[in-house]
Structures are given as C-alpha cells and as structure tokens.
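Colleague: I would like the atomic coordinates for the input below:
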Amino acid sequence: MTRSDTQFERIAYPVGFGLLVLLVWEIVVRLFDISPALLPAPSMIGAAIAGSLPILWGDWVQTVIKGALNGLWMGSFAGIALALVIDRFEFLKRGLMPVANFFAALPIVGLAPIMVMWFGFDWHSKAAVVAIMVFFPMLVNTLGGLSATDNMQRDLMRTYAAGHVTTLFKLRIPAALPFVFNGLKIATTLALIGAIVAEYFGSPIRGMGFRITTEMGRLATDMVWAEITISALTGTALYGLVALIEKRVTFWHPSQRG
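Modeller: You can find the predicted model right below:
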C-alpha cells in the first residue's frame, strides 16, 4: 500500500520542478547566447515584471477582472440555469442539445470580431466572448451531473413522496456538484484564454491581449513573456481556488478522500 503525499509534498514537488525548469532555461539561454528577441531569460522576464508593475496591473484588471471574471459568472450562471430547465423537459433536451453542440464548435476567432462589433471595444465584448465559451461546458457538465443518480436513489425519493423540486435539491443537485465543479475548472481556463484572444480583435489601450500584440510588434518579447507569466499564474490561482471550494463543498464525494 502506498502512502498518500502530505500537503507539503504536494506543493513542494511541483514548485521544485518549476524552479528546476527555470534554472535550466536560464542556463540554456546564456550558454547558447540566444537572442532576447527569440527567447528572453527568466531573469530578464522577472526584471520586466518588476519594472512594469503599474502597466501589468492595469492590463490584469482590464482582462481578468472586467473581461474574464464577468464573462465567467454570466456564462456559468446561464449554463447552470438552462441545464435545470432542459432537465425538466425532455423535448428541450432533444431539441436544444444538438443546437448547443453546434454553437460550442464555433471558433473564438470568428466570434470575437462579431462581439466587438456588437458590444464595442471595451471589456463588454470580451466578457460576451467569455460567456459564450464557458456556457457550453457548464451546460453539458451540469446536465451530466443531474443524470448521475441511479434508479434506486430516485425510487427511494419517490417512496418518501418527494416531488420534483424536493428531489432536485435533496438528491440531484448535490449529486451534480462534482460535475459542476469540473465544468467550472474547465471554464476558468477558457475564460482567461477567451478574454486575452478577444483583445486581439479590438481593445482600448490596455489589456493583456492588447499588450501582447503591441509588444510583439516591437519585438519586446520580455514584456510579452511577462504578460504570459502573469496570465499563467492567474489561471493557476483561479483553478486552485475552484478546486479548494470544491474540496470544501463536496467533501463527501469519493474523489475528495485520501
């Protein structure tokens, strides 16, 4: 029987490996004298972050707070709400799901320019793109979770004379929570990607996507990598926050044991 890792080990291993990657990266860039325009060293990226904190903060607020998080909560709420409605009516499940799958396949590079035309160049169009992107994972995962209960559990609720609403809140929604959180973990990553990519097609003079395209045109790759680093750290933090909430809310689920 293998022992389970301690909390310290679960953190120390990835952090240690990440530091090793940064060290090898630094050595390779300096050893082979790679041009900063192609690949800046981690130390150069760190200097760019330290020297551009006000700019990076403004970009972060514009992209993450205004664009990604607003789109995330709107798309997630809409996906969960529609899943509850579709689950109640079988004809909606048969009619709407194929349409939902069709819209889920639409490319972001096609949606972003349209949203910019509809909602303007500020964060509203980016939030709209994000909402569309996260809507479908939340819809599909919530519907899957609502169907996760077996016949014996539903029969037991009927023996207690439980109606649809009682069964929904006492049995089916709790059973769906692990699926909902899986959808949220997918959605947090999609939200950040969607907000950044949407800024490529029109943005005010701030935002992570705007900064990446602008600095890349100037071959200031250290600033580009600084934005990428902030984006990666933000995505990891959002994913970790959702996972932490999931662990607290669904502590009873087998996936949270051990």
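Colleague: return the helix or strand in this structure with minimum mean pLDDT.
Modeller: helix 151-159 (a mean of 68; mean pLDDT, DSSP states H and E).
Colleague: with just CA atoms, put the helix or strand just after that helix into CSV.
Modeller: Helices and strands here follow DSSP states H and E; after helix 151-159, the next one along the chain is helix 164-167. The C-alpha coordinates for helix 164-167 follow below in CSV (Å, rounded to 0.1, in the frame of the first residue of the first chain):
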residue,chain,number,x,y,z
HIS,A,164,-39.6,17.2,-8.4
VAL,A,165,-38.3,20.2,-6.5
THR,A,166,-37.5,18.3,-3.4
THR,A,167,-35.7,15.5,-5.3
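Colleague: just the mean pLDDT for helix 164-167, thanks.
Modeller: What helix 164-167 shows for mean pLDDT is 72.
Colleague: equivalent analysis for stretch 234-241, please.
Modeller: Model confidence over stretch 234-241, given as mean pLDDT, is 91.
Colleague: in it, what's buried?
Modeller: Buried residues in stretch 234-241, counting neighbours by 16 or more other C-beta atoms under 10 Å, are found at Thr234, Gly235, Leu238, Tyr239. Where you see a C-beta, it was placed from the backbone N, CA and C, and this is true even at glycine.
Colleague: and the helix or strand the second one falls within, what does it pack onto?
Modeller: When you say that, I think you mean Gly235. In the assignment (DSSP H and E), Gly235 maps to helix 221-249. Applying 3 or more C-beta pairs under 8 Å, 6 or more residues apart in numbering; DSSP states H and E, one finds that helix 221-249 contacts helix 42-51, helix 53-60, helix 173-198, helix 208-217.
Colleague: and Ala220, what are its phi and psi?
Modeller: phi -90, psi 70 (degrees, to the nearest 10).
Colleague: how many neighbours does it have?
Modeller: Ala220 is flanked by 17 other residues according to other C-beta atoms under 10 Å.
Colleague: do the same with the one 10 residues further on
Modeller: Ile230 has 19 neighbouring residues, counting by other C-beta under 10 Å.
Colleague: which residues are in contact with it?
Modeller: Contacts here follow C-beta atoms under 8 Å, 6 or more residues apart in numbering; on that basis Ile230 touches Ile49, Leu56, Asp59, Trp60, Met208.
Colleague: now it: how far from Val15?
Modeller: Distance check for Ile230 against Val15: by C-beta to C-beta, to the nearest Å, it reads 18 Å.
Colleague: and what of Gly144?
Modeller: As judged by C-beta to C-beta, Gly144 and Val15 stand 34 Å apart.
Colleague: which one of those two is surrounded by more residues?
Modeller: Comparing Gly144 with Val15 by other C-beta under 10 Å, the one with more neighbours is Gly144, at 15 against 10.
Colleague: how far away is Val242 from Ser76?
Modeller: Counting by C-beta to C-beta - Val242 and Ser76 are separated by 11 Å.
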